[in-house]
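# Kindly generate the corresponding structure for this input.
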Amino acid sequence: MSTTDRVVLDGTTLTCAQVSAIASGRPVALGSTAAAERSWRTATALSGPVYGRTTGVGANKDVTVHDRGRDLLRSHAAAAGPLIGPERATAMMAVRLNQLLRGGSGLDPALLPVLAEAINRRAIPPIREYGAIGTGDLSALSTTALCLLGEISWNGPAFPLASADALPFISSGALTLADAALAIHDLRRLLEASIRVTAKTWQAVRASTEPLAAAVQHTAVAATLRELLPAIEPARIQDPYGYRAYPQVHQAAFTALQNAEISVTEAINSALENPLITTEAHHNGNFHTGPIALTLDTLRAALAQTASLSAARLATLMEPSYTGRLPFLAATEGASGLIILEYVAHDALATLRHLATPVTTGTAVLSRGVEDHAGFATQAARMCGATREPYEIVLACELLSAERALNGPEPDRPIDIEAARRRLDGSH
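Okay, the predicted model is just below:
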């Protein structure tokens, strides 16, 4: 495979879409390793106490230690719950490799091509779900490090990670960031699909296009709907909020997505190392992902809002006064038609509302009080990933109903929501 077919990791240009592509099997290639090499040379020449290299970690930061890196990895590799999927594990390794290429970790650059090989061989470390709170994916990366050392079995290459490189390797929220990147990439597809589905519903009920006029709405969502919709003779002087408020509410979801993507993209292309090794060691807290959690909280709340409007439009599609068809878009008088779709959609919507609960109102105090705050971006990223399914289901219910309203009733047959979910990408 040529270099042009690979995602080139250089520590500065990785995108959420590329993280998704790597997770799906696209191979990687290394860009320049110069920044990592400079940092390593500085690290090997440092004298005096350096956190995690010559000291313990957490509350043991003032304790001098020597060659305890493997003990650190063993103690931190403990996690719980089911194994994460191979896509997430691969995405995590890609994010961590990209961060290391940015420089600043002080880690031996000889590891970098080995990590690239592991990604391209689809080597999967056995990482379990629970073990982080937004201040570093220590368990996931410690498990990966022990795989490289040969202490944990995997289908990847080996590398003799030095004791001094243990903390530099695991001092990252790479899994959290990978989860966020994967969710952001998929949610963009669904937010775009929502506009196409809404256009179908708009036509089906002959909703007024006045709320979309350029004089009323300057949003990109309104502009896209104006392009998608034919000329409509409106059936009503004014429609419910599912139509009138959609452009601004759905635009807010795009804005939230964009802000989250900016935050995550910056983090996956940054040296969020503690300590950061430049020409000296800088001890810091840049690995803390509280700001990212805030953007992910906002994104989930915005999704719940726009999904609720989809459910509201679905209700109008069940009404003869809006569609000119039988109740529930049934084929015959008194039949149930698509009534069950409202139940399905509201089940999924209830899940979305639950997932919109913010994580940033909580905190934790750990390690004998030394680590006295947590952002829980780990949980925020997982919850963003979990929103994909219910949001897609809500849209699929609206899509099925809009098509039935536009095309007329069909003979009685089982309702295939899963097929509608698969068609969302081409719902225009």
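# what does the lowest-mean-pLDDT helix or strand in the chain contact?
Least confident helix or strand, the chain: strand 281-282 with a mean of 86, by mean pLDDT, DSSP states H and E. For strand 281-282, contacts defined as Cβ atoms under 8 Å, 6 or more residues apart in numbering pick out 43, 46, 50-51, 106, 275-276. Every C-beta, even on glycine, is put in place using the N, C-alpha and C of the backbone.
# Just the buried residues of those.
For the contacts of strand 281-282, a burial check counting by 16 or more other Cβ atoms under 10 Å picks out 43, 46, 50-51, 106, 275-276.
# tell me the contacts of Glu233?
Applying Cβ under 8 Å, 6+ apart, the residues contacting Glu233 are Arg206.
# element containing it?
Counting by DSSP states H and E, no helix or strand carries Glu233.
# and what of Phe254?
helix 246-268.
# buried set for that helix?
Result for helix 246-268 [16+ other Cβ under 10 Å]: buried residues 246-247, 249-254, 256-257, 259-261, 263-265, 267-268.
# before we move on, what about stretch 122-140?
123-129, 131-140.
# For stretch 249-258, what is the distance to the chain centroid?
15 Å (Cα atoms, centre = their mean, to the nearest Å).
# I meant stretch 44-61, not that one.
On Cα atoms, centre = their mean, the centre of stretch 44-61 falls 33 Å from the chain's centre.
# Which residues does that stretch contact?
43, 62-66, 68, 72, 106, 164, 166-168, 171, 274-275, 277, 280-281, 283, 366-371.
# Buried residues of that stretch, list them for me.
Across stretch 44-61, burial judged by 16+ other Cβ under 10 Å covers 46, 50-57, 60.
# Kindly present those residues as CSV, with separate columns for pLDDT and secondary structure.
Below are those laid out as CSV (pLDDT from 0 to 100; DSSP: H, G, I helix; E, B strand; the rest coil):
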residue, pLDDT, secondary structure
Leu46, 88, coil
Val50, 81, coil
Tyr51, 78, coil
Gly52, 73, coil
Arg53, 82, coil
Thr54, 75, coil
Thr55, 79, strand
Gly56, 72, coil
Val57, 78, coil
Asn60, 75, helix
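# Which pair in the residues you listed has the greatest spatial separation?
The widest separation within the buried residues of stretch 44-61, taken as Cβ to Cβ, falls between Leu46 and Asn60 and amounts to 19.1 Å.
# low pLDDT regions in the chain?
1-4, 370, 412, 426-428 (pLDDT under 70).
# Could you chop it up by domain?
For the chain, the structural domains run 3-172, 179-426, going by automatic domain parsing.
# Now do the strands for the stretch 251-400 of the chain: every range, in order, please.
Assigned by DSSP state E, counting those that start in this stretch, the stretch 251-400 of the chain shows strands spanning 276-277, 281-282.
# still on that earlier bit, got the buried ones among the contacts of strand 281-282 as CSV, with distance to Leu83 columns?
Compiled in CSV, these are given as follows (distance: Cβ to Cβ, whole Å):
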residue, distance to Leu83
Ala43, 33
Leu46, 37
Val50, 34
Tyr51, 31
Gly106, 31
Pro275, 32
Leu276, 32
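# Quick one: the strands of the stretch 251-400 of the chain as TSV, columns for distance to Leu228 too.
What follows is the strands of the stretch 251-400 of the chain, written out as TSV (distance: least, Cβ to Cβ, whole Å):
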stretch	distance to Leu228
strand 276-277	48
strand 281-282	51
